[in-house]
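Chemist: just the structure for this:
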Amino acid sequence: MSQPAATTSTIIPCLRYRDALGAIDWLCRAFGFEKHAVHADGDTVHHAQLTFGNGMIMLGSADNSSEWGRQIAQPGDIGMRETQSPCVIVTDADAHYAQARAAGATIVMDISDHDYGGRGYSCRDPEGHLWWFGSYDPWKD
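Modeler: Have a look, this model is predicted:
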């Protein structure tokens, strides 16, 4: 049986954007991500890595001509539905909520306390991808 790699994060969400360069800037400004690597030719992002603490997302330009690109639909193409969503742990959910809202994030579920612990909210980015941010840390008791 294969074992997980001895690395910082073994699960990294991957997203596609029609305006990937714009999304990178927005995700950094609104959500606090930092550019780790961006490989682009003109307006086409072949691969980008953004970090948040010891977590990471990878993203690229939406492309239906590649083998991988043909497997992915954008939220706007499927009635703003998602089949998965990144969950990001933050220290101050209220401050993060205010920052994301000020940057134009569409709030889907307003910030609130949760019975299982923590405080959080969910929102959409400018291209409709669904995100959840909150202080609940499933790694802690």
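Chemist: how far away is the nearest residue to residue 89 once chain neighbours are set aside from residue 91?
Modeler: Spatially, and ignoring its direct neighbours in sequence, residue 89 is nearest to residue 137 (5.3 Å; Cβ to Cβ, 6 or more residues apart in numbering). To be clear about C-beta, it is placed using only N, CA and C from the backbone, and glycine gets the same treatment. Using Cβ to Cβ, to the nearest Å, we find residue 137 at a distance of 10 Å from residue 91.
Chemist: show me where this structure has helices.
Modeler: Secondary structure of the chain (DSSP state H): helices at 20-31, 93-102.
Chemist: and the ones you listed: which comes nearest residue 80?
Modeler: helix 20-31 (16.3 Å; Cβ to Cβ).
Chemist: distance from the chain centre to the closest one, please.
Modeler: Chain-centre distance of helix 20-31: 10 Å, with Cα atoms, centre = their mean, to the nearest Å.
Chemist: who are the packing partners of that helix?
Modeler: strand 34-41, strand 44-52, strand 55-61, helix 93-102 (3 or more Cβ pairs under 8 Å, 6 or more residues apart in numbering; DSSP states H and E).
Chemist: report the mean confidence score over it.
Modeler: Here helix 20-31 scores 98 as its mean pLDDT.
Chemist: from now on call the first residue 25
Modeler: Noted, 25 is the first residue going forward, which turns the last one into helix 44-55.
Chemist: give the buried residues for that helix.
Modeler: Residues of helix 44-55 classed as buried by neighbour count (16 or more other Cβ atoms under 10 Å): 44-45, 47-48, 50-51, 54-55.
Chemist: farthest-apart pair in these, please.
Modeler: 45 and 55 (16.0 Å).
Chemist: save the buried residues of helix 44-55 as TSV, and put in distance to residue 68 too.
Modeler: Below are the buried residues of helix 44-55 laid out as TSV (distance: Cβ to Cβ, whole Å):
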residue	distance to residue 68
44	8
45	9
47	13
48	13
50	17
51	17
54	22
55	23
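Chemist: residue 73: which of the residues you listed is nearest?
Modeler: Distances from residue 73 to the buried residues of helix 44-55, taken by Cβ to Cβ, are shortest for residue 48, at 10.0 Å.
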